[in-house]
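Trainee: How does the following fold in three dimensions:
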Amino acid sequence: MYTAHPAPRFVALVAALAAIGTFVATQPATAAEAATKNELQQDREAIDAGKAKVAELRAQVDANGKAIEQERADLQAMEADVKTLREETEKLKKSATTGAPYKFNEAANKYNAKAQEAIDRRNALDASISSYNELVGQLREQTKVVNDLVIAYNEKLARKAN
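Mentor: Below you'll find the model as predicted:
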């Protein structure tokens with residue numbers, strides 16, 4: 001019953017059983033690894049999406065900040081004009097009693113219109129600053145969310161490594 005070379009059959013049988021045993025033993029680990037890889041990939045995608053939102057908010061904050069600085073400079077120039085008009089109006093007020101009231105009235109009307117425009121611009125600047133501050137708050141919150149995601153991701157990587 002014995003053949004001249006029984007070893008090759010035995011080796012083939014052991015190899016086949018080993019392969020089946022290895023496959024069965026590693027299948028759950030492979031499924032767990034696949035699930036972990038999938039979860040880490042989803043976490044990376046969430047982090048990337050969060051970073052994109054941070055970049056978008058940062059661009060908006062930067063653009064709004066530059067616009068506010070321009071508005072502030074324009075307002076300061078306008079307020080300087082208002083001050084000059086007020087001084088001119090005060091000078092004309094003194095001379096209005098001596099026979100030139102129409103010049104005073106014209107200067108006063110110009111001053112009043114410019115002063116109202118400056119007030120309106122100041123209100124618009126204040127509204128822009130409020131919007132800017134809200135954006136900065138959103139940026140801070142989104143940055144915190146991304147940081148929390150990164151921390152959680154790193155913890156998962158550390159657990160996977162152990």
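Trainee: Do you know the pLDDT at Ala59?
Mentor: Note for Ala59: predicted pLDDT of 97.
Trainee: For it, give me phi and psi.
Mentor: Backbone geometry at Ala59, expressed as degrees, to the nearest 10, gives phi -60, psi -40.
Trainee: ok, how many other residues are close to it?
Mentor: Ala59: 10 surrounding residues under other Cβ atoms under 10 Å. Where you see a C-beta, it was placed from the backbone N, CA and C, and this is true even at glycine.
Trainee: Over to Lys156?
Mentor: 14.
Trainee: how far away is Asn133 from Leu157?
Mentor: Noted for Asn133: a distance of 36 Å to Leu157, by Cβ to Cβ, to the nearest Å.
Trainee: Do I have it right that Tyr153 meets Gln42?
Mentor: No: if you go by Cβ atoms under 8 Å, Tyr153 and Gln42 don't touch, sitting 10.0 Å apart.
Trainee: Would you mind measuring from Glu117 to Asn162?
Mentor: Per Cβ to Cβ, Glu117 is found 67 Å from Asn162.
Trainee: These two: which has the busier surroundings?
Mentor: Glu117 (14 against 5).
Trainee: do you know how far that one is from Arg72?
Mentor: Between Glu117 and Arg72 the computed distance is 15 Å (Cβ to Cβ).
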